[in-house]
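1. Provide a 3D model corresponding to the input given below.
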Amino acid sequence: MTVSERVPLAPLTTLGVGGAARWFVEAADEATVRSAHAWARERGVPLRVLGGGSNLVVAEAGVDALVVRIVLRGITHRERGGAVEVTAAAGEPWDRFVATTVERGWAGLECLSGIPGLVGATPIQNVGAYGQEVSDTVIAVRALDTTTGEVAEIAAADCGFAYRDSVFKRQTPGRFVVLAVTYRLRAGGAPTLTYADVQRHLAGRGATLADTRAAVLTIRRGKSMVLDDPADPNRRSCGSFFLNPIVEPAQAEAITARAADPAMPRWRQPDGRVKLSAAWLIERAGFTRGERAGAVGLSTRHTLAIVAHDGARTADVLAFARRVQDRVEQRFGVRLSPEPVFWGAERGDVSAETWWGAPLK
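-> Have a look, this model is predicted:
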């Protein structure tokens with residue numbers, strides 16, 4: 001295992017801001033991941049895991065930790081119980097993996113096309129879009145338990161999946177290093193066509209998995225939410241920077257009253273709470289697509305995406321995000337929660353609370 005020092009992290013993230021990792025190693029196999037964990041533990045050094053860098057904001061001062069970049073690759077599958085169980089290593093590029101499942105006629109992930117990042121992040125975030133979430137198909141997560149140094153197989157029932165959340169993120173952040181994920185897909189199954197945008201794009205025709213994937217990619221590109229186009233001025237972002245808020249019914253009614261618009265988008269959840277549209281709230285709070293403050297602004301195509309332009313620094317991104325949060329809270333009485341992960345709190349001089357000016361909610 002080769003440990004490097006002072007490795008810049010900005011080029012390894014889609015936002016493209018932030019400082020360096022104090023120590024850094026690339027892990028192409030499970031043995032290297034375990035060695036990196038042992039190295040950090042012996043020295044009392046924090047361990048941070050880097051995937052595709054598409055949901056990450058790094059402090060300008062950098063990260064005083066050992067950053068392990070996961071590059072494990074490999075896809076295997078087996079037929080079982082009338083379905084196909086597909087296991088992908090954590091370092092597999094997510095969209096390439098989705099493309100493979102679509103090409104082989106395995107239904108279940110087609111609406112998750114175009115999402116940046118790697119396979120290993122999907123159960124942590126419970127990645128979802130256009131009517132699908134990975135919790136619909138994940139059956140097991142293989143991960144290194146950093147409390148024991150052993151590899152564990154975690155069943156889906158123990159993952160605690162919720163909206164853009166899981167036990168990996170909510171209850172035990174940093175405890176598990178995802179090594180591989182197994183999904184149960186439907187061989188020869190029909191695509192999921194429950195999302196209105198996808199339905200409109202396909203115009204009610206008998207769509208295949210490939211048609212659905214193509215439609216989702218077209219929709220995402222129209223919002224600059226496919227981050228692999230070097231010519232797209234909106235490409236330097238984390239995708240959606242804020243989560244859609246989920247509130248109690250009484251709060252939803254109060255927000256609707258403040259909005260004075262009975263057509264305000266809202267969706268009743270299985271637990272009785274109500275999900276609101278963060279993009280709608282941001283726009284009704286007075287923000288417009290493409291609005292900028294110096295080197296940072298909103299995407300010209302999507303108000304949920306904060307874009308870093310040339311010369312942007314982490315502080316600029318976070319100041320703009322706070323501005324959005326504050327104005328939405330003043331207008332509607334609900335504070336938007338950021339979706340990206342923040343690195344840098346272990347330095348002591350920089351914390352997530354300091355960045356935001358208030359505890360994250």
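2. hey, let's count contacts and neighbours off CA atoms from now on
-> Noted.
3. quick check: which helices or strands does the host helix or strand of Val151 pack against?
-> Per DSSP states H and E, Val151 falls inside strand 150-155. Strand 150-155 is packed against strand 138-145, with contacts defined by 3 or more Cα pairs under 8 Å, 6 or more residues apart in numbering; DSSP states H and E.
4. got a list of contacts for the strand it packs on?
-> Strand 138-145 is contacted by residues 34, 123, 150-156, 175-184 when judged by Cα atoms under 8 Å, 6 or more residues apart in numbering.
5. per-residue pLDDT, the closest residue to Val341 other than its chain neighbours?
-> For Val341, ignoring the flanking residues on the chain, the nearest one in space by Cα to Cα, 6 or more residues apart in numbering is Leu56 at 4.9 Å. With respect to pLDDT, Leu56 has a value of 94.
6. how many residues are close by Leu56?
-> Counted with other Cα atoms under 10 Å, residues neighbouring Leu56 total 25.
7. pick out the residue nearest the middle of this structure.
-> Asn55 (5.0 Å; Cα atoms, centre = their mean).
8. quick one, phi psi at Thr14?
-> phi -80, psi -20 (degrees, to the nearest 10).
9. which residues touch it?
-> Gly52, Gly53, Ser54, Asn55, Leu56, Leu227, Arg235, Arg236, Ser237, Cys238.
10. just Gly82 next, same as before
-> Gly82 neighbours (Cα under 8 Å, 6+ apart): Arg186, Ala187.
11. measure it to Gly189 for me?
-> To Gly189, Gly82 is 11 Å away according to Cα to Cα, to the nearest Å.
12. give the buried residues for the strand holding Val151.
-> Val151, Ala152 (16 or more other Cα atoms under 10 Å).
13. quick one: average pLDDT of it?
-> Strand 150-155 comes out at a mean pLDDT of 96.
14. return that strand as CSV; C-alpha atoms alone will do.
-> Taking C-alpha atoms only, strand 150-155 is exported to CSV below (Å, rounded to 0.1, in the frame of the first residue of the first chain):
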residue,chain,number,x,y,z
GLU,A,150,-13.9,-7.3,9.8
VAL,A,151,-16.0,-7.5,6.6
ALA,A,152,-19.8,-7.8,7.2
GLU,A,153,-22.7,-8.7,5.0
ILE,A,154,-25.6,-6.3,5.8
ALA,A,155,-29.1,-7.3,4.7
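15. for it, which strands pair with it and how are they oriented?
-> If you go by DSSP bridges, strand 150-155 pairs up with strand 138-145 (antiparallel).
16. how about the CA coordinates for the strand it pairs with, as PDB?
-> Extracted as PDB, the C-alpha positions of strand 138-145 are listed here (Å, rounded to 0.1, in the frame of the first residue of the first chain):
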ATOM      1  CA  VAL A 138     -30.800  -3.600  -2.800                       C
ATOM      2  CA  ILE A 139     -30.700  -7.000  -1.000                       C
ATOM      3  CA  ALA A 140     -27.300  -6.800   0.700                       C
ATOM      4  CA  VAL A 141     -24.300  -4.500   1.300                       C
ATOM      5  CA  ARG A 142     -20.800  -5.900   1.800                       C
ATOM      6  CA  ALA A 143     -18.800  -3.500   3.900                       C
ATOM      7  CA  LEU A 144     -15.700  -3.200   6.200                       C
ATOM      8  CA  ASP A 145     -16.800  -2.600   9.800                       C
END
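17. now stretch 262-272, how far from the chain's geometric center?
-> 23 Å (Cα atoms, centre = their mean, to the nearest Å).
18. wait, stretch 149-169
-> Worked out by Cα atoms, centre = their mean, stretch 149-169 lies 15 Å from the chain centre.
19. what about it, how long is it end to end?
-> 19 Å.
20. what does stretch 66-83 give?
-> OK, stretch 66-83 end separation, Cα to Cα: 40 Å.
21. which parts of that stretch are buried?
-> Leu66, Val67, Val68, Arg69, Ile70, Val71, Leu72, Arg73, Ala83.
22. same for the longest helix that the chain contains, what does it pack against?
-> Criterion DSSP state H: the longest helix present in the chain is helix 314-332. Helix 314-332 sits against helix 249-259, helix 278-284, strand 296-298, strand 306-308, helix 352-356, with contacts defined as 3+ Cα pairs under 8 Å, 6+ apart.
23. hmm, Ser113 and Arg213 touching each other?
-> Yes. Here Arg213 lies in contact with Ser113, judged by Cα atoms under 8 Å, at a distance of 5.9 Å.
24. what's in contact with stretch 63-73?
-> 19-30, 33, 36, 40, 45-51, 88-92, 179, 343-344, 346-347.
25. now list the buried members of the residues you listed.
-> So, by 16+ other Cα under 10 Å, the buried ones in those are 19-28, 30, 33, 36, 40, 45, 47-51, 88-92, 179, 343-344.
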